[in-house]
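> Below: sequence and its predicted model.
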Amino acid sequence: MRLGTLFLLLWFTNGLIAQGHQDSIPVLEEISVQGSFEKQFLPGNTIILPKIKTLNFYNGDNISEILRQNSSIYFKEYGNGMLTTISFRGTNASQTAVLWENFNINSFTLGQTDFSLLPSQAISEISIIPGSGSSMGGSGAFGGAVLLENPLSFNSRNKLSIGQQIGSFGQLNSYLNANGSVGKWAYDTKIYWGKAENDFEILQTGEKQENASFERWGVNQSIGYKINNAEKLKLAIWYNDNFREIQPSIGSTRDINKQSDYNVRTYLNYERIGEKSSLNIGSGYFMDEMDYQLDQAISYYKVDRWESFTDYKFYYSSKHQVKLSGRYNYINAKNQNYDGGGAIEERYSLAALFEGKIWKGMDYAVHFRQQLVPGVNIPISPYIGISNQMWGTENHRLYLKLNTSYNYRLPTLNDRFWNEDGNPRLNSETAWNKEFSIQSNHKWDKTNANFSVTAYHNEVDNWIQWVPDENNQWRPQNIKQVLAKGIETQLGIQLPLANDFKFETDLQYSFTQSIVTASENNQREVGNQLIYTPLHKANFSASISWKRFSLDTFQQLTGRVFTTPSNSEVFALQPFLLSDLGLSWKSSNWLLSTKVKNLFNTEYYLYSGYAMPGRNYQFNITHTFNIK
């Protein structure tokens, strides 16, 4: 592995940090050790942080439940607890980047993440980066990026939380979370285990769902050491073990199928903060293994990956800073379906990010990123973002945000190396994204309100699709152009009521039009909406709290979804409304909650032909110990 250039950069930047500072240069603030996806370099973007009530309500579920309730994201699910893939702003699953501590954890064979393998108990913080700013995540971040983080604090109290969840259809979830700091050490431990028989009633037929059970367990351990006030180390290890039977489609008589997934994610991070600059170095090992049994056939792959990065950030004036970044990726994939039984690839990337203030109230950011992969044509990826405070008082603020980016997506390993069908000469997909948003925050006495509206326009070219050739052999080709555009709105209100009552509500609506504008293989899909992309989607949540009690409701309205390129009404999934209701009681050490999901027993589908459960119940109990 050729790391000479990387180590040279480390030596050079370490020397720069040792230099003195100018009094006019601001001192960098001390931060906890974490990844290098720094949100201050995205002034032109809206960053979505799930609300605490949403995180608490869907604790024990997969991260997909949290994301769909807080954004315009749509998920395809091949049954309850089965393969779950993301559709963000009219793009497909391989066009959204999922990063854990700034390392991309999308499958390098399929190019996407299965969100059924991401339990909420494994993660401390979730951020959603829609649109252009997600280009910081590298390849494939057309629709957006999902950031998963487990930051450490060196000044926190020691706590131990133990929780148990019991639910319908044999559902059991147990989890333990310990975090805090001792002297120069900080730690965060998350251990989880869960299973479900998943034998719910299929509302269409009245039969019990068979061959759909699943079980998983895992641990996510982070340890930090504070060398001194300027230097810190962090080591993180995340192991996830998941087994599931493969839920068949309704009426299917297939033999029993099953799948096992194993994920190992580790990294070591060093961070040094100077008076006008900082250095962040990280290196990690990642392993993804999948064993899938389809009737009597077995499909197996294993991907080992080593990734390292260096980030150097410094202020070159009192109002402007720059971040220089280098990244190296070594990939070793073993797949029986690849020519030669596997593929080895090295990837490099360089980036320069500029951020600062044009004048008071107006911030800007400019990025340039270039990735290098032998044999693949990859364009440079620029980003420009601006945020301007149009109006601001102590209680009322109005912001205008603009951004644009040109991004790319590398063909997956499957696209290029799949036996005789892969195409090593595929071009990267490209996307030119433009975005405009207005945000306002208001406060009247004890009432808070926030409102935002965002419009976006995203042109995707060289869209890769597997299609039959003249010999009826399916092969990947760059054959399609897509225009994804839409509007997203959000309104949130928090206000006190009489006698210790408080009310909080949040409303979101998105209009997503993702149209095929050109297709070399199927002219009949030109002008049609992409499959599994709802035109309309809305979320609504409301909470009434009194002292230690809270009554919460979450509503998700999903419009009609086409499942065929011709947009056939016959095969479309019909609109549906899902309602969840929960009651909780919380003290300083205890949290008890009970909830009803799919309150009105709605029959709905997230993927054609695969049943989802009707009304079901969950009960949670969590106890927290304060450790001195």
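Great, that's in hand. Numbering: from 1, shown residues only.
> in the stretch 151-300 of the chain, which spans are strands?
In the stretch 151-300 of the chain, the strands defined using DSSP state E, counting those that start in this stretch lie at 158-167, 171-182, 185-196, 214-226, 231-245, 258-273, 277-294, 297-315.
> these two touch, right, residue 216 and residue 194?
Yes. Counting by CB atoms under 8 Å, residue 194 is a contact partner of residue 216 at 5.7 Å. For glycine as for every other residue, the C-beta is placed from the backbone atoms N, C-alpha and C.
> re the thing from before, take the strands of the stretch 151-300 of the chain and write them to CSV, including mean pLDDT.
Shown next, in CSV, are the strands of the stretch 151-300 of the chain (pLDDT from 0 to 100):
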stretch, mean pLDDT
strand 158-167, 96
strand 171-182, 96
strand 185-196, 97
strand 214-226, 97
strand 231-245, 97
strand 258-273, 96
strand 277-294, 94
strand 297-315, 93
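> still on that earlier bit, shared neighbours, residue 216 and residue 194?
When contacts are counted by CB atoms under 8 Å, 6 or more residues apart in numbering, the set common to residue 216 and residue 194 consists of residue 119.
> can you tell me the helix or strand for the nearest residue to residue 123 once chain neighbours are set aside?
Nearest-residue entry for residue 123: residue 148, 4.8 Å, with adjacent residues in sequence omitted and distances by CB to CB, 6 or more residues apart in numbering. Element membership of residue 148 [criterion: DSSP states H and E] is strand 144-149.
> Report the mean per-residue pLDDT for that strand.
The pLDDT scores in strand 144-149 average 92.
> can you give me how far that strand is from the chain middle?
4 Å (CA atoms, centre = their mean, to the nearest Å).
> name the helices or strands packed onto that strand?
Under the contact criterion of 3 or more CB pairs under 8 Å, 6 or more residues apart in numbering; DSSP states H and E, strand 144-149 touches helix 63-69, strand 96-100, strand 125-130.
> I figured residue 387 hits residue 397, correct?
No. Between residue 387 and residue 397 there is no contact under CB under 8 Å: 11.5 Å.
> Residues touching the strand holding residue 148, excluding its own?
Outside strand 144-149, the residues touching it (CB under 8 Å, 6+ apart) are 34-35, 37, 63, 67, 73, 86, 88-89, 96-102, 105, 118, 123-131, 133-134, 136-137.
> By mean pLDDT, which helix or strand of this structure comes out lowest?
Between all helices and strands in the chain, the lowest mean by mean pLDDT, DSSP states H and E belongs to helix 4-17, at a mean of 37.
> Following the chain onward from it, which element is next?
Using DSSP H and E, the helix or strand that follows helix 4-17 in sequence is helix 52-57.
> re earlier: of the strands of the stretch 151-300 of the chain, which approaches residue 619 most closely?
Evaluated over the strands of the stretch 151-300 of the chain, closeness to residue 619 peaks at strand 158-167, with 5.1 Å, by CB to CB.
> what angle separates that closest one from strand 185-196?
Per axes from the mean of the first three to the mean of the last three CA atoms, to 10 degrees, the angle that strand 158-167 makes with strand 185-196 is 10 degrees.
> helices or strands next to strand 158-167 in the packing?
Against strand 158-167 (3+ CB pairs under 8 Å, 6+ apart) you get strand 171-182, strand 616-627.
> switch the cut-off to 10 Å
strand 171-182, strand 185-196, strand 590-597, strand 616-627 (3 or more CB pairs under 10 Å, 6 or more residues apart in numbering; DSSP states H and E).
> any idea which residue sits dead centre in this protein?
The centroid of the chain falls nearest to residue 146 when counting by CA atoms, centre = their mean (2.3 Å).
> Can you give the distance from the helix or strand hosting residue 334 to the centre of its chain?
Take DSSP H and E as the rule and residue 334 turns out to sit in strand 320-335. Averaging C-alpha positions (CA atoms, centre = their mean) puts strand 320-335 19 Å from its chain's average.
> With stretch 467-478 instead?
Distance of stretch 467-478 from the chain centroid (CA atoms, centre = their mean) equals 32 Å.
> ok, now stretch 91-111?
8 Å.
> now do stretch 75-83
For stretch 75-83, the distance to the chain centre is 16 Å (CA atoms, centre = their mean).
> Stretch 210-220 now?
Counting by CA atoms, centre = their mean, stretch 210-220 comes out at 21 Å from the chain centroid.
> for it, which positions count as buried?
Of all the residues in stretch 210-220, those buried under the rule 16 or more other CB atoms under 10 Å are 211-214, 216-220.
> Can you lay out those residues as a markdown table showing distance to residue 316?
Rendered in a markdown table, the data for the buried residues of stretch 210-220 read as follows (distance: CB to CB, whole Å):
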| residue | distance to residue 316 |
| --- | --- |
| 211 | 61 |
| 212 | 57 |
| 213 | 58 |
| 214 | 52 |
| 216 | 48 |
| 217 | 49 |
| 218 | 43 |
| 219 | 42 |
| 220 | 37 |
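> and of the residues you listed, the nearest to residue 566?
Nearest to residue 566 out of the buried residues of stretch 210-220 is residue 212 (CB to CB; 30.7 Å).
> I figured the closest one hits residue 169, correct?
Yes. Using CB atoms under 10 Å, residue 212 makes contact with residue 169 at a distance of 8.9 Å.
> Now do the shared contacts for the two.
By CB atoms under 10 Å, 6 or more residues apart in numbering, residue 212 and residue 169 have these common neighbours: 80-81, 196-200, 613.
> part of a strand, is residue 602?
No. Counting by DSSP: H, G, I helix; E, B strand; the rest coil, one finds residue 602 to be coil, located in no strand.
> Let me know the distance separating it from residue 482.
Distance, residue 602 to residue 482, by CB to CB, to the nearest Å: 31 Å.
> Can you say which of the helices and strands packed on strand 144-149 is packed in most?
Ranked by average neighbour count under the criterion mean count of other CB atoms under 10 Å, the helices and strands packed on strand 144-149 are headed by strand 96-100 at a mean of 26.
> what is the mean pLDDT for the next helix or strand after it?
Per DSSP H and E, strand 96-100 leads on to strand 103-104 as the next helix or strand towards the C-terminus. Strand 103-104 shows a mean pLDDT of 94.
> Given strand 103-104, what are its sheet partners and their directions?
Using DSSP bridges, the strands paired with strand 103-104 are strand 96-100 (antiparallel).
> looking only at pLDDT, what's the mean for the strand it pairs with?
Per-residue scores along strand 96-100 average to 93.
> could you give the angle of that strand to strand 214-226?
In terms of direction (the same axes, to 10 degrees), strand 96-100 departs from strand 214-226 by 60 degrees.
> returning to that earlier point: which one of the helices and strands packed on strand 144-149 lies nearest to residue 492?
helix 63-69 (13.3 Å).
> name the helices or strands packed onto the closest one?
helix 52-57, strand 74-77, strand 84-87, strand 125-130, strand 144-149, strand 536-546, strand 549-558, strand 576-586.
> Send me that helix as PDB with only the CA atoms.
Coordinates of each C-alpha in helix 63-69 appear next as PDB, following Å, rounded to 0.1, in the frame of the first residue of the first chain:
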ATOM      1  CA  ILE A  63     -32.300   4.100  12.300                       C
ATOM      2  CA  SER A  64     -34.600   4.100   9.200                       C
ATOM      3  CA  GLU A  65     -37.600   4.700  11.500                       C
ATOM      4  CA  ILE A  66     -36.000   7.800  12.900                       C
ATOM      5  CA  LEU A  67     -34.900   9.200   9.500                       C
ATOM      6  CA  ARG A  68     -38.200   8.700   7.700                       C
ATOM      7  CA  GLN A  69     -40.000  10.600  10.600                       C
END
